[in-house]
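Q: Coordinates for the following, if possible.
(one chain, ligands or ions: 2)
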Amino acid sequence: MTHARQHPTQVVAHRGASEDAPEHTLAAYRKAIEDGADALECDVRLTADGHLVCVHDRRVNRTSNGRGAVSALELSDLAALDFGSWKTRDSFGGRTEEPDWEHRPEDREATSVLTLERLLELVLDAERRVELAIETKHPTRWAGQVEERLLLLLKRFGLDAPATAEESPVRVMSFSARSLHRVRAASPTLPTVYLTQFVSPRLRDGRLPAGVRIAGPSLRIARSHPAYIERLKESGHQVHVWTVNEPRDVDLCLGLGVDAIITNRPRAVLDRLGR
Ligand code: G3P
Ligand code: CA
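A: Ligands and ions are numbered 1, 2, ... in the order given. As a prediction, this is how the structure comes out:
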């Protein structure tokens, strides 16, 4: 496995190749790897029985055929659900071309609830280096348990204490500075990304929470505050922008020299980058 960054602008598949396939499923992540994504993004939540699963919303209602909060369900409850059938051909954003993902109920694993453990296996089994950006969702509700479980899991895979941030295939992202602080306290070399939706006065000078090297501003920020992105870069931070799907926004990010583009359409962004 090579440790050097191979491309100046990393393409990160947001929730997998989530325009083509149902988000946060193996189907979406396999497709992202096939598409050539440099990295995968996922959100993690804790189930009632303490498993980390890849689900964005607090509830499973939107992305499965079940109902209820992830935190109130056990892994076995989630395993009984289908996380693919909601994504019908009608829901593919009005695109004229057919997506090349097809829901195949017989491939149960492709659209079952995805544990972070299974996603890590997928990443580590890939034939080339694929990185994983893991976002902790609502970590404050769990008073440190999300980070604790996450670090234990990473330890099982030998990923919790990389020699340097550069060589780590995994990074942890959060809108919560407290969550990142917990991760950094336990694992100082694991790269962390501070996500922001708006530029707060506190952030205007381009400073991030202590020890965090990567900024994760929204596309809205990149569009409306390009000087802020430049300040972050001048301060020596990497900048990873989400969620960038349109060609003109890809061009904007390239113009700003961002380090990673987080997108639902990894193949289209790679095409735009000439890769
Ligand atoms: O990659 C960051 C981005 O995923 C944050 O927003 O709501 O899609 O998790 P959200
Ligand atoms: Ca996310």
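Q: need the residues of the stretch 101-250 of the chain near ligand 1, please.
A: Residues of the stretch 101-250 of the chain lying near ligand 1 by Cβ under 6 Å from any ligand atom: 135, 195, 216, 242. Just so you know, the C-beta spots here come from the backbone N, C-alpha and C atoms, and that holds for glycine as well.
Q: Identify the bridge partners of the first one.
A: For residue 135, the beta-bridge assignment (DSSP bridges) gives partners residue 43, residue 173.
Q: do the same with residue 194
A: Beta-bridge pairing for residue 194 (DSSP bridges): residue 174, residue 215.
Q: ok, it touching residue 213?
A: No. Counting by Cβ atoms under 8 Å, residue 194 does not reach residue 213; the two are 9.3 Å apart.
Q: These two - which one has more neighbours?
A: Using other Cβ atoms under 10 Å, the more surrounded residue of residue 194 and residue 213 is residue 194, with 22 against 15.
Q: Could you pull up the residues touching that one?
A: 173-175, 177, 180, 208-209, 212, 214-216 (Cβ atoms under 8 Å, 6 or more residues apart in numbering).
Q: Please identify which of those residues is nearest to residue 160.
A: Residue 160 lies nearest to residue 180 out of those, by Cβ to Cβ, at 14.9 Å.
Q: so what's the closest one up against?
A: Counting by Cβ under 8 Å, 6+ apart, residue 180 touches 172, 174, 192-194, 209, 212.
Q: Mind picking the lowest-pLDDT entry from the residues you listed?
A: Lowest pLDDT of the contacts of residue 180: residue 209, 91.
Q: can you tell me the helix or strand for it?
A: When elements are assigned from DSSP states H and E, residue 209 belongs to no helix and no strand.
Q: In space, what's closest to it - neighbours in sequence excluded?
A: Closest residue in space to residue 209, ignoring its immediate chain neighbours: residue 177 at 4.1 Å, by Cβ to Cβ, 6 or more residues apart in numbering.
Q: From residue 221, how far off is the one you found?
A: Noted for residue 177: a distance of 17 Å to residue 221, by Cβ to Cβ, to the nearest Å.
Q: Kindly report the same for residue 185.
A: Taking Cβ to Cβ, one finds residue 185 at 27 Å from residue 221.
Q: Please say which of residue 177 and residue 221 ends up with more neighbours.
A: residue 221 (22 against 14).
Q: still on that earlier bit, from the contacts of residue 180, which is closest to ligand 2?
A: residue 174 (9.5 Å; Cβ to the ion).
Q: which residues touch that closest one?
A: Taking Cβ under 8 Å, 6+ apart as the contact definition, residue 174 lies against 135-136, 139, 180, 192-195.
Q: so who does residue 25 touch?
A: Applying Cβ under 8 Å, 6+ apart, we find residue 25 in contact with 16, 83-84, 110-112, 114.
Q: for residue 145, same thing?
A: Contact analysis of residue 145 by Cβ under 8 Å, 6+ apart lists 46, 50.
Q: hmm, 7 Å instead?
A: residue 46 (Cβ atoms under 7 Å, 6 or more residues apart in numbering).
Q: following the helix or strand hosting residue 250, which helix or strand comes up?
A: Using DSSP H and E, residue 250 maps to helix 247-256. Next in sequence after helix 247-256, counting helices and strands by DSSP H and E, comes strand 260-263.
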